[in-house]
Structures are given as C-alpha cells and as structure tokens.
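Chemist: For reference, the sequence and a predicted model appear below.
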Amino acid sequence: MTTPHRVRAATGAPGLDLHLGPAWNAREQSGGQPFRWLAGAQGDLCVTSPAPQTAPLTFAVTSFAVPRHLQVWLDSKQVL
C-alpha cells in the first residue's frame with residue numbers, strides 16, 4: 001500500500017484514511033487538480049475508519065487509448 005491520505009468525513013465522525021494499492025502511480029497535478037495513473041487492469045482503494053460510519057466516495061475516471069469498463073466493489077459485492 002502507498003502512503004495513506006486523510007479523507008474528510010461528511011458527518012464529522014472520526015477521520016477516514018484512503019489507502020491506494022500498489023498498482024497506482026505517484027500523485028501528479030493536471031489543471032491544478034491531483035490525479036493518479038493506474039498501471040494495469042485494476043487497482044485497489046481501501047478506506048479505513050476507527051469507527052463505523054457512512055461517507056460518500058466520489059472520484060472521476062478517464063480511459064486513454066482504449067475503452068475500459070469500471071466495476072466498483074464493496075467487500076465481496078459489486079455495487080457499480
């Protein structure tokens with residue numbers, strides 16, 4: 001896993017941490033916004049919390065050169 005990133009909790013609950021798996025390249029900037037490249041066909045995102053809570057996960061994806069399909073899983077259930 002890479003360095004964790006603090007995520008702002010929507011409810012004011014204890015902080016969340018976002019961990020990116022090894023398939024992600026280092027953070028870069030484009031148009032003043034951070035982004036990361038995914039090396040390969042899949043990459044892991046892991047959000048951890050010291051206490052149970054609900055918070056939105058928002059992200060944007062772009063495929064370059066070839067079309068790709070996006071799947072989002074929560075534990076062992078596909079949610080998108």
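Modeler: Right, received. Where do you want to start? Residues are numbered from 1 along each chain as shown.
Chemist: could you show me where the strands are in this structure, in order?
Modeler: Assigned by DSSP state E, the strands in the chain fall at 5-7, 16-20, 28-30, 33-35, 45-48, 73-74, 77-78.
Chemist: among these, which is nearest residue 66?
Modeler: Residue 66 sits nearest to strand 33-35 of all these, at 18.5 Å, using C-beta to C-beta. In this view, the C-beta of every residue, glycine as well, is placed from N, C-alpha and C.
Chemist: Which other helices and strands does that closest one contact?
Modeler: strand 28-30 (3 or more C-beta pairs under 8 Å, 6 or more residues apart in numbering; DSSP states H and E).
Chemist: Let's see that with 6 Å instead.
Modeler: Judged by 3 or more C-beta pairs under 6 Å, 6 or more residues apart in numbering; DSSP states H and E, strand 33-35 has no packing partners among the helices and strands.
Chemist: Pull the residues that contact that strand.
Modeler: Under the contact criterion C-beta atoms under 6 Å, 6 or more residues apart in numbering, strand 33-35 has outside partners 27-28.
Chemist: residue ranges with poor pLDDT in this structure?
Modeler: Applying pLDDT under 70 to the chain flags the ranges 1-14.
Chemist: Tally up the residues packed near residue 16, please.
Modeler: Using other C-beta atoms under 10 Å, residue 16 has 20 other residues around it.
Chemist: That one bridge partners, please.
Modeler: residue 7 (DSSP bridges).
Chemist: thinking it is in contact with residue 46, fair?
Modeler: No: taking contacts as C-beta atoms under 6 Å, residue 16 lies outside contact range of residue 46: 10.5 Å.
Chemist: Dig out what the residue nearest the centre of the chain forms beta bridges with.
Modeler: With distances taken as C-alpha atoms, centre = their mean, the residue of the chain nearest its centroid is residue 45 (4.3 Å). Applying DSSP bridges to residue 45 gives these bridge partners: residue 20.
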